[in-house]
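*Asks:* next come a sequence and a model predicted from it.
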Amino acid sequence: MEVDNLLYDKDCTCPICKNQFTTKKVRTRSLRIENREDDFNVIYKNINPNYYYIWVCPKCGYSSTEKEFENINKNQATILQQSIGVKWNERSFSGVRTFHEAEESYKMALLVAQILKKSKAYIGGICLRLAWLYREAKSPREEEFLNYTLNFFQNAYQTERLDAAGLDEVSLAYLNGELNRRLGRQREAIKWYSVALDHPDIKTKRHIQLKAREQWRLAREQYGHEKDGAN
Ligand SMILES: [Zn+2]
């Protein structure tokens with residue numbers, strides 16, 4: 001199926017400059033799963049929905065996830081107009097996006113999130129999706145952005161209320177384990193899988209429980225090899 005047929009136009013109004021524009025959204029019913037990766041990345045046939053995860057106002061550059069798009073007050077709007085609004089060269093992200101346009105949309109969203117001092121869980125979530133884009137493109141920047149993600153998520157676990165970011169503690173602890181494991185830090189990984197497995201809510205998350213046990217064993221094995229190699 002053509003990429004165009006998997007997408008439709010959604011009407012948006014920018015909460016900063018009131019400009020009206022459209023952005024592509026994926027018809028979720030037409031999605032076919034190809035693979036699920038252990039850090040929650042889902043790969044679909046023919047399309048990568050993450051290309052369209054960030055909404056970008058073509059007129060002022062305001063960029064955010066759909067869920068957070070309207071979540072902005074007057075004061076923040078003024079700050080954004082004075083920072084990114086004056087430097088932004090008008091350009092549209094409303095069509096079918098190339099890899100570079102998708103990458104650019106995430107970078108704008110990160111810039112906006114940092115100016116607005118958004119939660120670490122939110123910023124980490126954007127870094128993780130950008131890392132997945134780099135993984136698909138086989139770019140070495142994947143590792144760089146997995147590292148950023150992990151810094152934000154480990155911090156978020158200690159200091160933030162997670163429900164606001166659409167995350168729960170068990171999934172985030174598991175994910176911190178998985179990101180550490182991918183980055184070759186097996187000892188840290190084992191610690192975080194255990195945090196997930198010892199969490200009082202783990203009983204309500206059966207699939208995470210099974211996954212965390214499996215990955216805990218894998219990390220133990222990899223850690224054993226590391227130690228053998230060092231001797
Ligand atoms: Zn705007």
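*Replies:* Sure thing, it's come through.

*Asks:* and the helix ranked longest in the chain, what's buried?
*Replies:* Among the elements of the chain assigned as helix by DSSP state H, the one spanning the most residues is helix 206-230. Residues of helix 206-230 classed as buried under the neighbour-count rule (16 or more other Cβ atoms under 10 Å) are 208-209, 211-212, 215-216, 218-219, 223. For glycine as for every other residue, the C-beta is placed from the backbone atoms N, C-alpha and C.

*Asks:* now stretch 132-147
*Replies:* 132-136, 142, 145-146.

*Asks:* which residues of this structure lie near the ion?
*Replies:* Residues of the chain lying close to the ion (Cβ under 5 Å from the ion) are 14, 16-17, 19, 57, 59-60, 62.

*Asks:* the helices in this protein, which residues?
*Replies:* Along the chain, counting by DSSP H, helices occupy 74-80, 99-115, 120-136, 141-159, 169-182, 186-198, 206-230.

*Asks:* dump the ones you listed to TSV, plus mean pLDDT and distance to Lys67.
*Replies:* Output for these, formatted as TSV (pLDDT from 0 to 100; distance: least, Cβ to Cβ, whole Å):
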stretch	mean pLDDT	distance to Lys67
helix 74-80	94	16
helix 99-115	97	12
helix 120-136	97	9
helix 141-159	97	16
helix 169-182	97	17
helix 186-198	97	24
helix 206-230	87	22
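
*Asks:* save these as CSV, and put in distance to Leu6 too.
*Replies:* Compiled in CSV, the helices of the chain are given as follows (distance: least, Cβ to Cβ, whole Å):
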stretch, distance to Leu6
helix 74-80, 32
helix 99-115, 15
helix 120-136, 16
helix 141-159, 25
helix 169-182, 27
helix 186-198, 34
helix 206-230, 27
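
*Asks:* coming back round to it: would you check which pair of the buried residues of stretch 132-147 lies furthest apart?
*Replies:* Glu136 and Leu146 (13.6 Å; Cβ to Cβ).

*Asks:* and the residue nearest to Gly177 when sequence neighbours are not counted, how many neighbours?
*Replies:* Spatial nearest neighbour of Gly177, chain neighbours left out: Trp192 (3.5 Å); criterion: Cβ to Cβ, 6 or more residues apart in numbering. When neighbours are counted by other Cβ atoms under 10 Å, Trp192 registers 28.

*Asks:* now Ile202
*Replies:* 18.

*Asks:* in contact with it, which residues?
*Replies:* Counting by Cβ atoms under 8 Å, 6 or more residues apart in numbering, Ile202 makes contact with 170, 196, 208-209, 212.

*Asks:* could you do Glu160 as well?
*Replies:* 119-121.

*Asks:* contact partners for Lys87?
*Replies:* With contact taken as Cβ under 8 Å, 6+ apart, Lys87 is in contact with Gly61.

*Asks:* also Lys205?
*Replies:* Applying Cβ under 8 Å, 6+ apart, the residues near Lys205 are 168, 170-171.

*Asks:* and those residues, which is closest to Gln154?
*Replies:* For the contacts of Lys205, the nearest to Gln154 is Ser171 (14.0 Å; Cβ to Cβ).
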